[in-house]
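Chemist: dropping a prediction and its sequence here:
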Amino acid sequence: MRVVYTLFLALLIGGLSFATYHFAFQRFESAALSTSLERLSLYQATLRSTLSRVSHLPRVVVLHPFTKEVLRQGKSVASFNEYLKSVNDEAKSAALYVLDKNATTVAASNFDTDESFVGNNYKFRKYYTNAIADGTGNFFAVGVTTGRPGYFLSEAIYQGEDPIGVAVVKVEFKELLRDWKDAGENVLIANNDGVIVLASNADKLYKTLGEIPKDRIAEMKESRKFAGYELEPLSFESENGVFEKRVRVDGAAFSVSTVNTAGIGWKLHFLTPLEPVHNSALAVSAMTFLICGLTGIGLLYARSRVERTKLEIVAIEAERVREANVKLEKEISERKRTEERLRDTQAELIQSSRLAALGKMSAAIVHEVNQPVSAIRTYTSSGLLLLNNRKIKDAKEVFNQIRSMTERLGAITSDLLVFSRKPVAKPSHIDLNTCIEEIARERAVEFAEIGVTVTLDLWKRPLRVTGSKHRFQQLISNLLQNAIQACDETIKPNVMITTIADPKSAIIIVSDNGSGIPEEIIDQLFDPFFTTKGVGKGVGLGLALSYAIADEARGRIRCENREEGGARFIVELPLSEKPNLIMEQQKNDG
């Protein structure tokens, strides 16, 4: 009977340890995948930022007054080459050059290097043929002159309605690849044909993740897209033969996370090694086995003691006390070890939470500063063009805009201090109407591009409050962005900003015609990191910052749903002028 009992207990402990291993493996893998998705979101934002940083350069070259003159002359001009070089160096792109209508390079930023494009013909490249046919083009390929891969953006140059040339900028991804290498991560980027165009491991470059039709291969060879490289399939194993979920590459097991990059048709793949996950799950399983084994041994020992007590009735009482003390000491020691392991596990969870919060905060900073940084680059290029054309007055206005953008950028990066301490900057009297008009004017082009109607209904007199202009601009910008995003699924999105005054307060109302806010989450909207957006679309800091800015100005902010549909955010801030004067001015205007 004792043998049967022992065998049953051994099977139970083994089954429990096996189940613990699988449960722990799934939990550790899920945590690793969550981290990989956050990393992919950051790399996706970096990739888009790299392309958007230089996407305007072909247009800048097209608008330059000397471009058409160089094309009419049909030969390289030193001053124009120097201009292209200065713009290219300022934008930190790989190359900037101009092709004539026959696709021969007549000017290039690298004219004075061994890799000069001047005189080379690129008629076989799609970025040339697409720009001639459609006005613009984009293309990823290995450079036939430099041998380095890059992404090409192009725009046609017209004389009347006829294209007479093409302006092209080439972008290389050296910084992105260096970041991958420094981080020791395994990342791949495949184009829409399934060819790996960027990889942290150079051995995987220009491998294919699936079968490519012969006509596409022929087309790529004709355009010399991957000149000098044979497109061989990447050697990997998976359950369904597709590069997803769990795969084995070079004998190692990985879990694959994938995101699509809209606009250029690329897919980012993050390979999370499963060996550390396996080792961690195995350690948890071994610990479970050890604990259950000790418990089982304790049970067997207790059973043995019970049997012995039947034979030794006289001596059992004294022995029971001694054994009870020993068992108690063992339980105390085991509990201490368990508590130590629990504290270690809690410390690891806290560290993981901090790292996750740091990742979200980094994404928030990238999101907030991207707009003014992009504006600064555009204004800088415009300023250089105006200076070259000796339009000093216009250039001063542009550089004043740049100074305004840099001040706003500094204010944005300091907004994170709202969560830890009050600002020490001296407050001033700010007109809220002026702040709102500046924000609407700066983002007017963006509103037109995304098809949102923004209407202003402002108080006829200035509404002056005490505080930081940049903080109030951030408050208004955050509420405006939140309202625009709430209208994503609305056919005719409309956002209205209204300002009014009562005897004590200036009131800002930002209304939208979106789908409204579910009642069950209204009380959570201003919590840091609370968001209803999908992965990579928001980290939940905008409304939390808005709440903190309003509170800092001794005001308050609230939200409610509109009866006619949509939602409104209402901000009340104390006036810095005498309320009676404000009301009297409004009454006189009426």
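Modeler: Thanks, I have the structure now.
Chemist: measure P233 to A218 for me?
Modeler: Applying Cβ to Cβ, to the nearest Å, the value for P233 to A218 is 17 Å. C-betas here are computed from N, CA, C, even on glycine.
Chemist: doesn't I508 fall inside a strand?
Modeler: Yes - the assignment for I508, made by DSSP: H, G, I helix; E, B strand; the rest coil, places it in a strand.
Chemist: if the residue lying closest to it once chain neighbours are set aside is in a bridge, with which residues?
Modeler: For I508, ignoring the flanking residues on the chain, the nearest one in space by Cβ to Cβ, 6 or more residues apart in numbering is V571 at 4.3 Å. On the basis of DSSP bridges, V571 is bridged to I508, I557.
Chemist: what does the nearest residue to R148 once chain neighbours are set aside show for phi and psi?
Modeler: Leaving aside its sequence neighbours, R148 sits nearest to E172 (Cβ to Cβ, 6+ apart; 6.1 Å). Note on E172: its backbone torsions stand at phi -110, psi 160 [degrees, to the nearest 10].
Chemist: tally up the residues packed near E172, please.
Modeler: E172: 18 surrounding residues under other Cβ atoms under 10 Å.
Chemist: so V168, which of the three states?
Modeler: Once three-state DSSP is applied, V168 turns out strand.
Chemist: so the closest residue to it other than its chain neighbours is in which element?
Modeler: In this structure, V168 finds its nearest non-sequential neighbour in S154, 4.5 Å apart by Cβ to Cβ, 6+ apart. Element membership of S154, judged by DSSP states H and E, is strand 149-159.
Chemist: give the buried residues for that strand.
Modeler: 149-157 (16 or more other Cβ atoms under 10 Å).
Chemist: for those, which one is nearest G210?
Modeler: Closest approach to G210 among these (Cβ to Cβ): P149, at 20.1 Å.
Chemist: partner residues bridging the closest one?
Modeler: Beta bridges link P149 to V142, judged by DSSP bridges.
Chemist: what sits against it?
Modeler: Applying Cβ atoms under 8 Å, 6 or more residues apart in numbering, we find P149 in contact with 140-143, 172, 197-198, 205.
Chemist: including pLDDT and distance to T531, could those go into JSON lines?
Modeler: Shown next, in JSON lines, are these (pLDDT from 0 to 100; distance: Cβ to Cβ, whole Å):
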{"residue": "F140", "pLDDT": "81", "distance to T531": "33"}
{"residue": "A141", "pLDDT": "79", "distance to T531": "39"}
{"residue": "V142", "pLDDT": "79", "distance to T531": "40"}
{"residue": "G143", "pLDDT": "75", "distance to T531": "41"}
{"residue": "E172", "pLDDT": "82", "distance to T531": "34"}
{"residue": "V197", "pLDDT": "77", "distance to T531": "32"}
{"residue": "L198", "pLDDT": "80", "distance to T531": "30"}
{"residue": "L205", "pLDDT": "75", "distance to T531": "37"}
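Chemist: who's S238 bridged to?
Modeler: Bridge pairing for S238 - DSSP bridges - gives V247.
Chemist: that one contacts F254, correct?
Modeler: No - if you go by Cβ atoms under 8 Å, S238 and F254 don't touch, sitting 9.9 Å apart.
Chemist: shared neighbours, these two?
Modeler: Contacts common to S238 and F254, judged by Cβ under 8 Å, 6+ apart, are 246-248.
Chemist: so which of these is surrounded by the most neighbours?
Modeler: The most crowded member of the shared contacts of S238 and F254, judged by other Cβ under 10 Å, is V247 (22 neighbours).
Chemist: do I have it right that that residue meets G241?
Modeler: No - V247 is beyond contact range of G241, at 10.0 Å (criterion: Cβ under 8 Å).
Chemist: residue contacts, K204?
Modeler: By Cβ under 8 Å, 6+ apart, the contact set of K204 is 188, 196, 234.
Chemist: and A156, by the same measure?
Modeler: Per Cβ under 8 Å, 6+ apart, neighbours of A156: 62, 131-132, 135-136, 163, 165-166.
Chemist: so which of the residues you listed belong to strands?
Modeler: 136, 163, 165-166 (DSSP state E).
Chemist: report the mean per-residue pLDDT for the strand or helix carrying Q26.
Modeler: Taking DSSP H and E as the criterion, Q26 maps to helix 2-54. Mean pLDDT, helix 2-54: 78.
Chemist: can you check stretch 116-126 too?
Modeler: 87.
Chemist: extract the C-alpha set from it and format it as CSV.
Modeler: Taking C-alpha atoms only, stretch 116-126 is exported to CSV below (Å, rounded to 0.1, in the frame of the first residue of the first chain):
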residue,chain,number,x,y,z
SER,A,116,29.4,61.1,-57.7
PHE,A,117,26.1,60.5,-59.5
VAL,A,118,26.8,63.3,-62.1
GLY,A,119,26.7,61.9,-65.6
ASN,A,120,25.1,58.5,-64.5
ASN,A,121,21.9,57.4,-66.2
TYR,A,122,19.1,55.9,-64.0
LYS,A,123,16.4,55.4,-66.6
PHE,A,124,16.0,51.8,-65.4
ARG,A,125,15.0,53.0,-61.9
LYS,A,126,11.3,53.0,-60.9
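Chemist: can you give the contact residues for it?
Modeler: 76, 81, 95, 97, 99, 102-108, 110-111, 128-129, 137, 139, 141, 144-145, 152, 222-225.
Chemist: so for it, what gets flagged as buried?
Modeler: 116-118, 122, 125-126.
Chemist: what about the helices in the stretch 251-400 of the chain?
Modeler: 275-311, 316-388, 392-414 (DSSP state H, counting those that start in this stretch).
Chemist: which of the ones you listed sits closest to T453?
Modeler: That would be helix 316-388 among the helices of the stretch 251-400 of the chain, by Cβ to Cβ, at 20.1 Å.
Chemist: please list all residues in contact with G451.
Modeler: Neighbours of G451 in contact, by Cβ under 8 Å, 6+ apart: P493.
Chemist: distance of it from P372?
Modeler: Distance from G451 to P372, by Cβ to Cβ: 23 Å.
Chemist: before we move on, what about E307?
Modeler: Counting by Cβ to Cβ, the gap from E307 to P372 is 81 Å.
Chemist: look at those two and report which has more neighbours.
Modeler: P372 (20 against 9).
Chemist: quick one, grab the pLDDT at that one.
Modeler: Reading off the model, P372 has pLDDT 73.
Chemist: need the helices of the stretch 251-400 of the chain in JSON lines (columns: distance to L575).
Modeler: Compiled in JSON lines, the helices of the stretch 251-400 of the chain are given as follows (distance: least, Cβ to Cβ, whole Å):
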{"stretch": "helix 275-311", "distance to L575": "59"}
{"stretch": "helix 316-388", "distance to L575": "29"}
{"stretch": "helix 392-414", "distance to L575": "23"}
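Chemist: who wins for proximity to G184 among the ones you listed?
Modeler: Of all those, helix 275-311 comes closest under Cβ to Cβ, at 12.5 Å.
Chemist: buried sites along that closest one?
Modeler: 277-278, 280-281, 284-285, 288-289, 291-292, 296.
Chemist: and those residues as CSV, adding distance to A10 and pLDDT?
Modeler: Output for the buried residues of helix 275-311, formatted as CSV (distance: Cβ to Cβ, whole Å; pLDDT from 0 to 100):
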residue, distance to A10, pLDDT
V277, 27, 78
H278, 24, 75
S280, 25, 84
A281, 21, 78
V284, 20, 83
S285, 15, 80
T288, 14, 84
F289, 10, 81
I291, 15, 87
C292, 10, 82
G296, 8, 75
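Chemist: please consider this matter closed, and thank you.
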